[in-house]
Structures are given as C-alpha cells and as structure tokens.
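> The amino acid sequence is not available; the structure is as follows:
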Ligand code: UD1
C-alpha cells in the first residue's frame with residue numbers, strides 16, 4: 001500500500017459491521033440445525049476465512065457482499081475436524097470449539113494462529129471446557145475434545161473475550177445453569193449474547209461481571225444484524241485527528257466508546273455525539289496535546305485502538321506514556337514508527353513518546369490488523385511517500401477502509417495484490 005501525505009481529511013462515512021462480533025456469530029451458527037442469516041457483515045478477509053472454515057465442516061454458505069448479507073446453512077455439517085491450514089490463518093478459528101462440543105460432543109481442531117501480537121494461549125478456553133466435563137487431549141498438532149458437557153461455575157482469572165464467548169456458546173445447549181465469573185463484557189460479547197438470545201438461548205448478566213447461561217435443548221436459526229464496528233469508528237477518528245479536518249460517522253456507537261472519545265477530547269479535539277450516543281462528529285484540533293493511557297478490558301481503553309492512538313502521540317505537543325496491559329507483545333508498530341522518525345522508547349510493555357514536528361515516509365511492515373491501520377495513519381501525516389507491506393493484515397480487519405479514507409481525501413494506492 002502506497003500512502004501519500006494528506007492535507008486535512010473531511011467528510012461523512014458510515015461503518016461496516018463489527019469484525020470481532022461477526023466472526024463469533026458465524027461460529028455460533030453451528031449451534032443450530034438450519035439456515036441463519038447475518039446482515040451488516042463486513043467483507044473482510046477474516047470473514048472469508050471463517051467462511052472457508054465453516055464450509056470445511058460441511059456448512060453451505062452464500063455471501064452477498066454488496067448487501068453485506070451472509071446466509072449459513074448448517075443442515076449439511078458433517079465434520080468436527082478443522083485442519084492446521086485453516087486454523088493457522090486466524091486465531092478466531094478456535095471459536096468453533098465451543099459450538100462443536102455443545103452440538104456434537106466432539107471438536108478436533110488444530111492449534112490456532114493469527115496476528116503476531118503475543119503468545120495468545122487458549123488455556124482459559126480449554127480450562128472452561130474441562131471444567132464442563134470435556135476430556136481434552138493433544139495429538140500431534142491437534143486438540144481433541146470429547147464428552148457430553150455439564151453445567152458448572154467457571155471462574156476466569158482474566159476476562160478473556162474469546163474464552164467467555166467460547167464457554168458461553170458451549171453452555172447454551174448444556175443442561176443446567178453455567179456461570180462464567182469475571183466474564184469479558186466487551187460490546188462484541190454483548191452482541192453475541194443478543195444473537196444467542198434471538199436464537200432462543202437463556203442468558204443473564206449479573207453485575208459486576210457474571211454471565212449465567214441456562215441450557216436449552218434446541219436453538220433456532222434467526223436473521224440478525226451485526227452491530228457497527230466501534231474499532232473501525234475509532235480508527236477513522238484517529239485518522240482525522242492525525243491529519244486535521246473533520247469527520248461525521250452517523251452510525252458510530254459512541255455509547256461503547258466513552259474512554260477513547262474522552263482521550264480525544266483531552267487531546268483537544270472537539271467531539272459531538274448524536275441522540276442516544278449514536279453518531280459522532282469530530283473537528284480535529286490544530287495543536288493537539290499528548291495524552292497518556294493504559295489499555296484495559298472493556299470499558300477501559302481498547303487495546304485494538306492503542307496503535308492508531310499512539311500515532312497521534314508521535315506528533316502531539318508533549319510527552320505521552322502508553323501502557324499495553326492486555327497483550328504482552330502488541331507494540332510491534334513502535335519499531336516501524338521509529339523508522340518514520342517517531343521518538344519512542346520502550347520499557348517492557350510501556351512506551352514513552354515525545355512528540356516531534358514531523359514524521360517521514362519510509363518502507364514499513366504491518367504485523368497485525370491494528371498496526372496496519374496505525375501505519376496507514378502515520379503515512380498520511382508523514383512527509384514523503386510511505387510504502388506499507390503486510391496489507392493482508394489491513395484487509396483481514398477492515399472492509400474497504402482505504403476507499404473510505406480516499407472518500408475523505410486521502411491518496412492511497414495499492415501497487416500489487418498480495419497472495420494471502
Ligand atoms: C479478542 C479480539 C481482539 C481484542 C481482544 C481483547 C476477536 C476475534 N479478537 O481477542 O481483537 O484485541 O479480544 O479485547 O474477537 N489469554 C490467555 N489465555 C487464554 C485466552 C487469552 O492467557 O486462553 C490472554 C491473551 O494472551 C491476552 C489476554 O488474555 O493477553 C486477552 O485475550 P482475549 O481477551 O482472549 O483476546 P481474544 O479473544 O484473543
């Protein structure tokens with residue numbers, strides 16, 4: 001991707017459906033026997049990868065990309081094995097484990113892959129399934145989980161999004177009431193709960209963070225619209241905050257973005273939210289101040305917006321300290337930003353950034369979805385041309401984001417298609 005320096009960007013754009021919500025909703029279609037329909041589905045590479053995975057299990061899928069409508073027929077599912085080739089491409093593949101176990105009492109999956117943002121083990125998922133009575137063995141590069149599940153109280157030592165989703169899906173068809181204590185309550189988890197409830201699941205949330213699932217004997221297929229992507233909204237806001245200008249995102253779920261928006265305001269950007277906190281208009285400050293923050297599980301500052309937000313700090317007035325507490329290795333973009341002239345020092349998982357007057361275009365490599373977005377933003381404010389390799393990461397997480405940026409006035413070109 002070739003990114004040219006941009007003058008200020010301005011305009012109105014709308015969001016795609018949330019990537020992190022659609023992947024798990026697709027996996028949960030395995031819980032039913034029938035034809036489910038998901039709408040507002042982003043045409044991002046991870047969605048295509050999940051289609052490949054579900055088809056490998058026997059599902060029949062059609063994706064109307066322009067209508068963003070995905071139809072998943074699970075009546076033909078006849079497999080519980082997911083190959084290493086499929087698992088390696090995307091960590092979210094592990095999310096089929098809970099539905100397969102619940103429905104077929106067996107899941108035989110290769111160990112998952114994904115972004116280079118840390119060790120990202122799946123021990124919490126496996127502990128949850130084991131607590132529900134599954135017998136889990138590793139054979140070669142496969143995990144084999146078997147057994148009829150039973151309800152349990154499962155305490156998560158950390159509110160893992162994926163483990164909460166996986167155990168919750170498994171519990172929907174498990175007789176009795178399963179409790180997930182210290183559950184993740186990210187908006188995408190809440191969207192999954194809404195989807196599962198629409199299918200007939202019985203799920204309650206008790207403060208501060210317990211999810212109780214009472215198993216039902218059968219769930220029904222439904223049509224469901226995926227929520228708009230708060231992380232795409234954050235990426236777009238960060239882009240315009242960096243370049244200057246103004247942006248309106250009419251469908252932005254501001255009610256899920258409080259801490260991020262607060263930080264933009266602290267930097268000096270002006271933000272107005274629509275009725276009921278739906279829709280955001282931002283006018284970027286011409287002299288933004290540096291702010292510090294720490295990533296946290298929701299409702300804290302989202303780790304997925306750490307990299308885009310860091311770019312803003314590289315040219316802000318003053319010093320910023322950013323602590324990444326969710327993933328131990330999600331600072332790989334720092335090296336690339338340094339190559340563009342950013343003054344950043346790292347101590348463990350904390351980055352200290354001194355704002356400079358100017359970044360400079362360079363050849364950079366994206367290593368995960370959000371770092372790819374950060375490098376695009378950096379390219380837009382750098383002097384000279386930036387060439388970013390690893391564009392498939394950008395495509396994994398975003399549907400047509402470069403087109404939206406072009407509509408706002410950015411000059412971005414794709415030189416050569418990468419084979420993923
Ligand atoms: C999901 C999101 C990702 C987001 C993250 C945190 C999807 C497809 N991806 O990832 O974009 O950045 O939530 O909001 O929804 N951990 C363990 N053992 C486990 C599971 C997790 O140690 O079994 C650790 C991870 O290494 C990480 C932390 O827990 O340090 C949080 O991970 P988790 O919340 O599970 O993230 P994901 O579900 O992988």
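It's in. Worth saying up front: this structure is predicted, and the values here are computed from it rather than measured.

> what's the burial count for residue 381?
By other C-beta atoms under 10 Å, 21 other residues sit near residue 381. Backbone N, C-alpha and C define where each C-beta goes, glycine included.

> do residue 176 as well
For residue 176, using other C-beta under 10 Å, the count is 12.

> wait, what's in contact with it?
150, 151, 214, 215 (C-beta atoms under 8 Å, 6 or more residues apart in numbering).

> Can you sort out which of these also neighbour the ligand?
When the contacts of residue 176 are filtered against the ligand using C-beta under 6 Å from any ligand atom, no residues are retained.

> can you redo these as CSV with distance to residue 186 and neighbour count?
CSV is the format used below for the contacts of residue 176 (distance: C-beta to C-beta, whole Å; neighbours: other C-beta atoms under 10 Å):
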residue, distance to residue 186, neighbour count
150, 27, 15
151, 24, 18
214, 22, 16
215, 23, 19
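
> Residue 55 falls within a strand, correct?
No: under DSSP: H, G, I helix; E, B strand; the rest coil, residue 55 sits outside any strand and is assigned helix.

> Run through the residues that contact it.
Residue 55 neighbours (C-beta under 8 Å, 6+ apart): residue 61.

> pLDDT at it, what is it?
If you check residue 55, the pLDDT there is 98.

> related to what we said a few turns ago, let's see which of the contacts of residue 176 end up in strands.
Judged by DSSP state E, the contacts of residue 176 include residue 214 as members of strands.

> Mind putting the contacts of residue 176 into CSV with pLDDT?
Shown next, in CSV, are these (pLDDT from 0 to 100):
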residue, pLDDT
150, 97
151, 97
214, 98
215, 98
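
> what's the most distant pair in the contacts of residue 176?
With C-beta to C-beta as the measure, no two of the contacts of residue 176 lie farther apart than 150 and 214, at 13.1 Å.

> Contact residues of the stretch 101-250 of the chain facing the ligand?
The stretch 101-250 of the chain has residues 118-125, 158, 160-163, 184, 186, 188 near the ligand, with proximity defined as C-beta under 6 Å from any ligand atom.

> any idea which of those is closest to residue 262?
residue 186 (17.8 Å).

> so where does the closest residue to that closest one other than its chain neighbours fall, helix or strand?
Spatial nearest neighbour of residue 186, excluding adjacent residues (C-beta to C-beta, 6 or more residues apart in numbering): residue 298 at 4.3 Å. Counting by DSSP states H and E, no helix or strand carries residue 298.

> Check the secondary structure at the residue in the chain that the ligand sits nearest to for me.
Scanning the chain for proximity to the ligand using C-beta to the nearest ligand atom identifies residue 162 as nearest, at 2.8 Å. Classification of residue 162 using three-state DSSP returns helix.

> ok, how many other residues are close to it?
Look at residue 162: counted by other C-beta under 10 Å, it has 23 neighbours.

> before we move on, the earlier item: put the buried members of the residues of the stretch 101-250 of the chain next to the ligand into a ChimeraX selection.
Command for ChimeraX that selects the buried part of those, burial taken from 16 or more other C-beta atoms under 10 Å:
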select :118,120,122,124,125,160,161,162,163,184,186,188
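
> Out of the residues of the stretch 101-250 of the chain next to the ligand, which is nearest to residue 134?
Taking those together and measuring to residue 134 by C-beta to C-beta, the closest member is residue 125, at 10.5 Å.

> avg pLDDT for the one helix or strand that closest one maps to?
Using DSSP H and E, residue 125 sits in helix 123-131. Across helix 123-131, pLDDT averages out at 95.

> returning to that earlier point: which residues lie in contact with the residue of the chain closest to the ligand in this structure?
91, 92, 94, 95, 122, 124, 125.

> how about the residues of the stretch 251-400 of the chain near the ligand?
So the stretch 251-400 of the chain meets the ligand at 303, 304, 326, 327 (C-beta under 6 Å from any ligand atom).
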